[in-house]
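A.B. asks: Let me see the structure of the following:
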Amino acid sequence: MKQEEQEFRESCFDEAVGSDYVRARVLVHVSFMAGPDDAVAHADLEASRPYLRRCMDRMSYTELMQKSPDALASLWARGALGASRYRQRGGRSPGSRRRPAT
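C.D. replies: Numbers count the residues shown, from 1 in each chain. Predicted structure coming up:
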């Protein structure tokens, strides 16, 4: 990856996570996506930042240039909801089983 492209990706990520507008839109998206048992905390937003970064890194340069702040907020909300569900399961993956007590 070219140095200029990497710097552009970093600036897009920093702008997205530092924007009050994007954070507000994340909360709106979470409220639409969340089920009745989902409780998304501020820590879940912070825990999902690597998810957002991976999503942005996997986008093509052109796709990333065309993404709206609302679209990035939607991705971040999806990650926050996943982090919340992971936390509520006690750090277990979906479908994992606990070992029987011996």
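A.B. asks: okay, CA-based contacts and neighbour counts for the rest of this
C.D. replies: Noted.
A.B. asks: ok, A80 - contacts?
C.D. replies: Residues touching A80, when contacts are defined by CA atoms under 8 Å, 6 or more residues apart in numbering, comprise 30, 40, 44-48.
A.B. asks: measure it to M65 for me?
C.D. replies: A80 is 23 Å from M65, where distance means CA to CA, to the nearest Å.
A.B. asks: Which among the contacts of A80 count as buried?
C.D. replies: Applying a neighbour-count criterion of 16 or more other CA atoms under 10 Å, the buried members of the contacts of A80 are 30, 40, 44-45, 47-48.
A.B. asks: Quick check: the two most widely separated of those?
C.D. replies: Of all pairs drawn from those, the widest gap by CA to CA lies between V30 and A47 and measures 14.5 Å.
A.B. asks: Report all helices and strands that the host helix or strand of R23 contacts.
C.D. replies: When secondary structure is defined by DSSP states H and E, R23 falls within helix 20-33. Packed against helix 20-33 by the contact rule (3 or more CA pairs under 8 Å, 6 or more residues apart in numbering; DSSP states H and E) you find helix 69-88.
A.B. asks: CA atoms only: put the helix it packs on into CSV for me.
C.D. replies: Output for helix 69-88, consisting of C-alpha atoms alone and laid out as CSV, is shown next (Å, rounded to 0.1, in the frame of the first residue of the first chain):
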residue,chain,number,x,y,z
PRO,A,69,-20.0,9.7,7.6
ASP,A,70,-23.4,8.1,8.1
ALA,A,71,-22.3,4.9,6.4
LEU,A,72,-19.2,4.8,8.5
ALA,A,73,-21.4,5.4,11.6
SER,A,74,-23.5,2.4,10.6
LEU,A,75,-20.4,0.1,10.4
TRP,A,76,-19.2,1.4,13.7
ALA,A,77,-22.6,0.7,15.2
ARG,A,78,-22.6,-2.8,13.9
GLY,A,79,-19.2,-3.4,15.6
ALA,A,80,-20.5,-1.8,18.8
LEU,A,81,-23.5,-4.1,18.9
GLY,A,82,-21.2,-7.1,18.3
ALA,A,83,-18.9,-6.0,21.1
SER,A,84,-21.9,-5.6,23.4
ARG,A,85,-23.2,-9.1,22.6
TYR,A,86,-19.8,-10.6,23.1
ARG,A,87,-19.5,-8.9,26.5
GLN,A,88,-23.0,-10.1,27.5
